[in-house]
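Participant: below are the sequence and a predicted model; questions follow.
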Amino acid sequence: MRKELAVPFAIGLAVILVAIGAVLYMQRGAHIELKGSVLKVRTLALDENASLAVVDFRFANPADYPFVVRACTVLFEDAAGKSVEGFSVPEIDIRRIFEYYPVLGKKYLDTLVMKDKIPGHQSQDRMIAARFDVPLAQLEARKRLLVRVEDVDGPVSEIAETQR
C-alpha cells in the first residue's frame, strides 16, 4: 500500500512546490524598500556647540510600486555607538545656507522632501541637511551617518554612510 501512495504523494508535493514558487515569483517586486549609498558628506560649524551636515546620497527603488516619502531624517552615530537624531533643515533654509556659506560648495542636488514620489525601478541622487547639537569636531569624528527615509505606508529604509 505504501508504494501505491508514493507516486501520487510525490506528484502532489511537486504541484504544491510549483504553486509556492509561482506566488513568490509574482510577488518579487512588491517589497517596498530603498537601497542606496551616501555619496558625500559636507560639514559646517554653526557655533561652538552646533554643527550642520549636508548629505548627498544615491538610492534606487527596486519595487514595482512608487515609494512616497513621509519623512526623511539623519542620524549621527558617534565613536561610542550612541545615536543622535539631527534636526532636518527645510529646503528654503538650505538654499540660504548655501548662499551664505560658500565653503560648502554648490548645491548640486534637490532635497528629498515629504511627499516626493520615487517611481518603481528608478534611481535618483538627492540631498538632505541636518543640524546637530554637537561640536564640529565630534561630528567629524563620527562612526557614520544614517539617512532614514520613511514611506507613507510604513516601510522604513536606511541608507548608511560607509565605515570611515
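Facilitator: Now that the structure is in, tell me what you want to look at.

Participant: okay, now the unreliable bits of the chain?
Facilitator: Applying pLDDT under 70 to the chain picks out residues 1, 24, 26-31, 163-164.

Participant: all the helices of it, residue numbers only.
Facilitator: Under the criterion DSSP state H, the chain contains helices at 2-26, 91-100, 136-140.

Participant: so which of those gets nearest Phe57?
Facilitator: Counting by Cβ to Cβ, Phe57 lies closest to helix 91-100 out of these; the figure is 14.6 Å. In this view, the C-beta of every residue, glycine as well, is placed from N, C-alpha and C.

Participant: give me the contacts around the closest one.
Facilitator: With Cβ atoms under 8 Å, 6 or more residues apart in numbering as the test, helix 91-100 has contacts from 44, 52, 54, 89, 104-107, 111, 113, 127, 129.

Participant: which of the helices of the chain sits closest to Tyr65?
Facilitator: Closest among the helices of the chain, once you apply Cβ to Cβ, is helix 2-26, at 13.8 Å.

Participant: can you show me the CA trace of stretch 7-14 as CSV?
Facilitator: Coordinates of each C-alpha in stretch 7-14 appear next as CSV, following Å, rounded to 0.1, in the frame of the first residue of the first chain:
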residue,chain,number,x,y,z
VAL,A,7,3.7,8.4,-6.7
PRO,A,8,0.6,10.4,-6.0
PHE,A,9,2.2,11.9,-2.9
ALA,A,10,5.3,13.0,-4.9
ILE,A,11,3.1,14.5,-7.7
GLY,A,12,1.0,16.4,-5.1
LEU,A,13,4.2,17.7,-3.4
ALA,A,14,5.6,18.9,-6.7
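
Participant: what about that stretch, distance to the chain center?
Facilitator: Distance of stretch 7-14 from the chain centroid (Cα atoms, centre = their mean, to the nearest Å) equals 45 Å.

Participant: what's the neighbour count on the nearest residue to Leu145 once chain neighbours are set aside?
Facilitator: Closest residue to Leu145 apart from its sequence neighbours, by Cβ to Cβ, 6 or more residues apart in numbering: Glu161 at 4.4 Å. By other Cβ atoms under 10 Å, the residues close to Glu161 number 22.

Participant: repeat that for Pro66.
Facilitator: The criterion is other Cβ under 10 Å. On that basis, Pro66 has 15 neighbouring residues.

Participant: what's it sitting at in phi/psi?
Facilitator: Dihedral pair for Pro66: phi -70, psi 150, per degrees, to the nearest 10.

Participant: pretty sure it contacts Gly120?
Facilitator: Yes: using Cβ atoms under 8 Å, Pro66 is in contact with Gly120, at 6.0 Å.
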